[in-house]
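> pasting the structure only:
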């Protein structure tokens, strides 16, 4: 194998690695976006749960005050 052949092989390998790296960067960005959406949705579910608990508690207290 000549030096030129080795150099061509190295260049080809580097090109493949660059292509794979770009793909991985895109996938990482997509994954980060999905995680961000999941976190926001989870926070909204927690907020909804606390709101429901608070509303139920207020309803019980108001009912108790009105009946006495």
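Thanks, I have the structure now. Keep in mind that this is a model prediction, so the values were computed, not measured.
> where does the prediction get shaky in the chain?
For the chain, no stretch is flagged by pLDDT under 70.
> element containing the most centrally placed residue in it?
For the chain, the residue nearest the mean C-alpha position is residue 35 (0.8 Å; CA atoms, centre = their mean). Using DSSP states H and E, residue 35 falls within helix 3-67.
> and that helix, how far from the chain's centre?
Offset of helix 3-67 from its chain centre (CA atoms, centre = their mean, to the nearest Å): 1 Å.
> i'd like the first residue to be 292 from this point on
Okay, using 292 as the starting number, the last item reads as helix 294-358.
> other SSEs contacting it?
Helices and strands touching helix 294-358, by 3 or more CB pairs under 8 Å, 6 or more residues apart in numbering; DSSP states H and E: there are none. To be clear about C-beta, it is placed using only N, CA and C from the backbone, and glycine gets the same treatment.
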